[in-house]
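**Q** Sequence and computational prediction follow.
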Amino acid sequence: MSAPEMPAARLPTVPYYPVLTGQVALVTGASSGIGRATALGLARAGAVVAVNYGSDAKAAAEVVAEIEAVGSRALAVRADVSREDEVLAMFRSVVETFGTVHVLVSNAGLQRDAPIAEMSLADWNTVIGVNLTGQFLCAREAVREFRRRGIQPDLSVAAGKIICMSSVHEVIPWAGHANYAASKGGVSLLMKTLAQELAPERIRVNAIAPGAIRTPINRAAWDTPEAYGRLLHLLPYRRIGEPDDIAQAAVWLASDASDYVTGATLFVDGGMTLYPGFEDNG
């Protein structure tokens, strides 16, 4: 049997309604992949967007230009989210430029893969630092800004919205990726704890857990028919996800349409967490 043909990238079929007009969003790790798509999705929904990047200033500038082309404003701001001083400076820059922050999408993340016996402490600390500590630092500064500003009822019924980018690997173990899986498991309980703590202040905290998404970080999993065929065995919906699938979810979680949703993880994974290996009784 021949390998399945890889479908072209799916174009968005759901419109971005202007549900975030007047709000300011900060998206970390927004120079490529899911972060880029999310920044553009929020802009199409009416938000002003701060595009955080770690090292690729050119790519971040291109995202800013794309946002401006759809009629919104944007700012590229460099920061390593694992460093407290750089996160503080990032928030100062965004607030000085746009006045406040209404939506935080903590998307910045990376992998440093190795079997556990070969994993260095540096690789462990780097992944935990960016993927988990970075979410803590950004959430803390966002909450401080939400409290300073308070609710602006003409813009949103919530004082602020935090969206933590997690992964299906907050629940699915991943051999050879102990640092990454541990970081995402930590994100899950960090998100739920913050949601519980902050709900009385009308600050909503949720997470998105992507499955297999067509991004540069996982190109080897989908860029040949053979690899794509293997991937489909993990996906009951029988297609790879696109970055816009995540962006659509982020826009909904950032909007008042999801106002009664907090402490939830939205799995956007084509059914990967349904454990398709058991579809024929295992």
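**A** Great, that's in hand.
**Q** low-confidence ranges in the stretch 101-250 of the chain?
**A** Under the criterion pLDDT under 70, the flagged ranges of the stretch 101-250 of the chain are 222-223.
**Q** just checking, what packs against the top strand by length along the chain?
**A** In the chain, assigned by DSSP state E, the strand with the most residues is strand 203-210. For strand 203-210, the packing partners by 3 or more CB pairs under 8 Å, 6 or more residues apart in numbering; DSSP states H and E come out as helix 134-149, strand 160-165, helix 178-198, helix 243-254, strand 265-268. Backbone N, C-alpha and C define where each C-beta goes, glycine included.
**Q** In CSV, list the C-alpha atoms belonging to the longest one.
**A** Once non-C-alpha atoms are left out, helix 178-198 reads as follows in CSV (Å, rounded to 0.1, in the frame of the first residue of the first chain):
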residue,chain,number,x,y,z
ALA,A,178,11.6,13.8,30.1
ASN,A,179,12.4,17.5,30.5
TYR,A,180,9.8,18.6,28.0
ALA,A,181,7.0,16.3,29.4
ALA,A,182,7.9,17.4,32.9
SER,A,183,7.7,21.1,31.9
LYS,A,184,4.3,20.6,30.3
GLY,A,185,2.9,18.7,33.3
GLY,A,186,4.1,21.6,35.4
VAL,A,187,2.3,24.0,33.1
SER,A,188,-0.9,22.2,33.7
LEU,A,189,-0.9,22.5,37.4
LEU,A,190,0.5,26.0,37.3
MET,A,191,-2.4,27.0,35.1
LYS,A,192,-5.0,25.4,37.3
THR,A,193,-3.6,26.8,40.5
LEU,A,194,-3.5,30.3,39.1
ALA,A,195,-7.0,29.9,37.8
GLN,A,196,-8.2,29.0,41.2
GLU,A,197,-6.3,31.8,42.9
LEU,A,198,-7.2,34.6,40.5
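**Q** May I see the buried residues of that helix?
**A** By neighbour count on 16 or more other CB atoms under 10 Å, the buried set for helix 178-198 is 178-188, 190-192, 194-195, 198.
**Q** Contact partners for Leu101?
**A** Not quite, residue 101 is Val, not Leu. Contacts for Val101 (CB atoms under 8 Å, 6 or more residues apart in numbering) come out as 24-26, 50, 91, 94-95, 142, 145-146, 160.
**Q** now the residue lying closest to Glu201 once chain neighbours are set aside: how far from Asn107?
**A** With CB to CB, 6 or more residues apart in numbering as the criterion, Glu201 has its nearest non-adjacent residue at 5.9 Å, and that residue is Ala159. Counting by CB to CB, to the nearest Å, the gap from Ala159 to Asn107 is 21 Å.
**Q** okay, now Arg147: neighbour count?
**A** 13 (other CB atoms under 10 Å).
**Q** That one is in contact with Glu201, isn't it?
**A** Yes. Counting by CB atoms under 8 Å, Arg147 does reach Glu201; the two are 7.1 Å apart.
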